[in-house]
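Participant: sharing a model prediction with you, sequence too.
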Amino acid sequence: MPIDRYLGKLEGIRTSNKIILPASAPSTDFSLEDLTLSWRVNGVVYRNGIYTVDLLKVLLSHRTSRVQDQWSEYSRNAISNAQFYVGDFPLYYSLFTSLFKNKDSEYKHEIEQAKLFIKESMFKYWLSTLTRIAYTPSGKDRVIHNHGLPDQYEVQEEIRGPDEWVKNASDKRAYKAILDSEDTAEIQAVFNWITEKDAYLWRVNTKPKKIDERVAGFVANSGGADLGCYGNPEYSNPSLGVRRAKIKT
């Protein structure tokens, strides 16, 4: 979905000054191959291991927009045929972090090209993931990663709360549940490196009267780099195409 459909929620947010990015230590497992259709990134730390992650050089399925449930079905078929599919939010963040940490390595030219593609995509579209948040009337919320896939998994945590600049976050548990990282300084640095904007968390602000399911995605404009945990499951959006293979635990 074009970004202008979401501009209203960022309207009035002041763009803060560009920050100086911290030095990043390159990973000894990292390498990057510039293939015809994708970038192959080796050494991505994701969940319980180290992975090779391929990032498609165009938006998935020829820039097609789908609702999340349709992307889940698409991804199940793609995985069974070793094709590109939609990742969960932790996978995208792990990939972005790996590129960020190695931005000054011997692969810096290829990393810059991948970064520019991600940046341009974020500024044009609200990019869907296969992470879904079920905001609950009582108790902790449910964060469902790889929604609709055989390896779907769930984290229970309080996600609802005030929207906030990531760099000002005091309670980091929501970030751990959504991105599998509570290092908010690094989260800010990664998305600022990609977009030259400060990262901002959008979410449901109050407890709902009944379970309220939302899609997680990411987008950017002049107001900031939006980590969106409020997407309507009935909205159609494009996505970045990825595929992963575990190389070590």
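Facilitator: Here it is on my side, so go on. Numbering: from 1, shown residues only.
Participant: only C-alpha atoms for contact and neighbour calcs from this point on.
Facilitator: Will do.
Participant: which residues sit in contact with Lys140?
Facilitator: Shown in contact with Lys140 (C-alpha atoms under 8 Å, 6 or more residues apart in numbering): Gln156, Glu157, Glu158, Ile159.
Participant: now for the helix ranked longest in the chain, which elements pack on it?
Facilitator: Longest helix of the chain, by residue count under DSSP state H: helix 108-124. Other elements packing on helix 108-124 under the criterion 3 or more C-alpha pairs under 8 Å, 6 or more residues apart in numbering; DSSP states H and E are strand 31-34, strand 49-59, helix 184-195, strand 212-221.
Participant: could you check the angle that helix makes with strand 49-59?
Facilitator: With axes from the mean of the first three to the mean of the last three C-alpha atoms, to 10 degrees defining the directions, helix 108-124 sits at 60 degrees from strand 49-59.
Participant: next secondary structure after helix 108-124?
Facilitator: As assigned by DSSP states H and E, the chain's next helix or strand after helix 108-124 is strand 127-135.
Participant: what pairs with that next one, parallel or antiparallel?
Facilitator: Sheet pairing for strand 127-135, assigned by DSSP bridges, gives strand 141-145 (antiparallel), strand 212-221 (antiparallel).
Participant: would you mind putting the ones you listed into TSV with mean pLDDT, mean neighbour count and distance to Ala114 alongside?
Facilitator: Output for the strands paired with strand 127-135, formatted as TSV (pLDDT from 0 to 100; neighbours: other C-alpha atoms under 10 Å; distance: least, C-alpha to C-alpha, whole Å):
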stretch	mean pLDDT	mean neighbour count	distance to Ala114
strand 141-145	99	23	24
strand 212-221	98	24	16
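Participant: take these and write them to TSV, including distance to Ile194.
Facilitator: Converted to TSV, the strands paired with strand 127-135 look like this (distance: least, C-alpha to C-alpha, whole Å):
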stretch	distance to Ile194
strand 141-145	23
strand 212-221	10
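Participant: out of those, which is closest to Gln70?
Facilitator: strand 212-221 (12.6 Å; C-alpha to C-alpha).
Participant: next one: that closest one to chain centre, how far?
Facilitator: Using C-alpha atoms, centre = their mean, to the nearest Å, the mean C-alpha position of strand 212-221 is found 9 Å from that of the whole chain.
Participant: strands paired with the helix or strand following it, and their directions?
Facilitator: Using DSSP H and E, the helix or strand that follows strand 212-221 in sequence is strand 224-231. Sheet pairing for strand 224-231, assigned by DSSP bridges, gives strand 199-203 (parallel), strand 212-221 (antiparallel).
Participant: hmm, back to that, deepest of the helices and strands packed on helix 108-124, which one?
Facilitator: strand 212-221 (a mean of 24; mean count of other C-alpha atoms under 10 Å).
Participant: contacts for that one?
Facilitator: 3, 7, 68, 89, 122-136, 195, 197, 225-233.
Participant: tell me which strands and helices the helix or strand hosting Tyr92 is in contact with?
Facilitator: For Tyr92, the element it lies in under DSSP H and E is helix 89-101. Packing partners of helix 89-101 (3+ C-alpha pairs under 8 Å, 6+ apart): strand 38-46, strand 127-135, helix 173-179, helix 184-195.
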